[in-house]
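> Quick one: sequence plus predicted model below, questions after.
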Amino acid sequence: MRTTHRSYAPLLLLFLLALAACSKQGTPEQAASADVAAERAEESAPSPQRGMAPPAAPTAPRADMAVASDAGAAVSPGEPAPPPDPGTQLQSAATTQDDGERRFIRTASAQFRVREVYGSALAIEDLVARHGGFVVRNDIRTDIEDVRTRPSGDGKVIELATYTVRGDLQVRVPSARAQDFLRALASQVEFLDSRNFAAQDAQFELLRQQLAYAREHTAQQSLGQVAQSEGRLRDRTEAIGARSQAQMQRDEALIQQRSFEDRVAFATVELSVYQLPQVRRTERVDVDAILLRDGPSFFSRLWHSVSTGWYGLLDLLVAMAGVWPLWLVLAAAGVLTRRWWKRRPPAA
């Protein structure tokens, strides 16, 4: 029995060795597939260096989001908007537009608050001169808005007056430099209340003035020739008078033309400035307190009242004497009533 088992042992060992060799070799396709799978596994497996890079990538969008949130917070609707730039507020295409053919009459007006009216008025005059313009009007006034007084003793009173200083200026600057002047004017503005710009197209009105001048000039020349020609004295006299009238109309047309050209060449700017209200404290004499202190005594006032009352009674008697006919009529009516009362029969 033992001999039989020993004879099968070598055969079983050979079979196991052959099976193991077949499992190790395999086909070339299976080997290639195994290599590809190994490479993919290596690529997908995180290395120590690659393991730190991916977490860093999501942090960049977070930083961008943080910056965006900060920028959004700067212009959040809940927060007050920054004050406007006065230099931007005092700009308009009406002061700069020019197409080379049209002529514009430029006008501008602005009302704004300044730090100090007198100093700003002088600074504006300097700006006008610097830009080749001139000042037409400069009016400054003080408006007292409220006055309150209180006694301080010793016959004096303290007066507190609230006032506002205002100024009105009219300046003219070259139209080509109007925008530069307004931009420089922004340095004086603390708060802009209102501003208006206008550019009136003046090419046709200017043409009308030129044609009127040419027409009057031609008429004046024609009448001059008639006045110099030979003819009756009466006709020549009438021609000379008509020529003088035509010359006057020509001069008027020339003045209007030059005035219109001046309005085109120089822009007119109206400025109204004011400063914050201020309080003026004044200590003056209290007239009422002085009269009360230095007035007459009680007895003097009493005697004055008695004497005034006596004279008043005398005045009343004089006034009653002035209506003596009324008293006469009343006396007669009283006498007649008394007699009638006596003659009345007694009651039964």
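Sure, I can see it.

> Now do the strands in this structure.
Using DSSP state E, the strands of the chain run over 104-113, 134-153, 156-174, 191-201, 266-274, 278-285.

> Domain-wise, how is the chain divided?
For the chain, the structural domains run 104-201+275-282, 205-263, going by automatic domain parsing.

> Any chance of those in JSON lines with mean pLDDT, mean neighbour count and distance to residue 294 as columns?
(Glycine included, C-beta is placed from N, CA and C.) Output for those, formatted as JSON lines (pLDDT from 0 to 100; neighbours: other Cβ atoms under 10 Å; distance: least, Cβ to Cβ, whole Å):
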{"stretch": "domain 104-201+275-282", "mean pLDDT": "92", "mean neighbour count": "16", "distance to residue 294": "9"}
{"stretch": "domain 205-263", "mean pLDDT": "69", "mean neighbour count": "15", "distance to residue 294": "66"}
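
> Turn these into JSON lines, columns for distance to residue 288.
Formatted as JSON lines, the domains of the chain follow (distance: least, Cβ to Cβ, whole Å):
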{"stretch": "domain 104-201+275-282", "distance to residue 288": "8"}
{"stretch": "domain 205-263", "distance to residue 288": "58"}
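
> what's stretch 326-345 in contact with?
For stretch 326-345, contacts defined as Cβ atoms under 8 Å, 6 or more residues apart in numbering pick out residue 320.

> Keeping just the C-alphas, turn it into CSV.
Only the C-alpha atoms of stretch 326-345 are listed here, as CSV (Å, rounded to 0.1, in the frame of the first residue of the first chain):
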residue,chain,number,x,y,z
LEU,A,326,-78.5,169.3,23.7
TRP,A,327,-78.6,170.0,27.4
LEU,A,328,-81.2,172.8,26.7
VAL,A,329,-83.5,170.4,24.8
LEU,A,330,-83.1,167.8,27.6
ALA,A,331,-84.1,170.4,30.2
ALA,A,332,-87.2,171.5,28.3
ALA,A,333,-88.2,167.8,27.9
GLY,A,334,-87.8,167.3,31.6
VAL,A,335,-90.0,170.3,32.5
LEU,A,336,-92.8,169.3,30.2
THR,A,337,-92.7,165.7,31.5
ARG,A,338,-93.0,167.0,35.1
ARG,A,339,-96.0,169.2,34.3
TRP,A,340,-97.8,166.4,32.5
TRP,A,341,-97.2,164.2,35.4
LYS,A,342,-98.8,166.7,37.9
ARG,A,343,-101.9,167.3,35.7
ARG,A,344,-102.6,163.6,35.3
PRO,A,345,-105.9,162.7,37.1
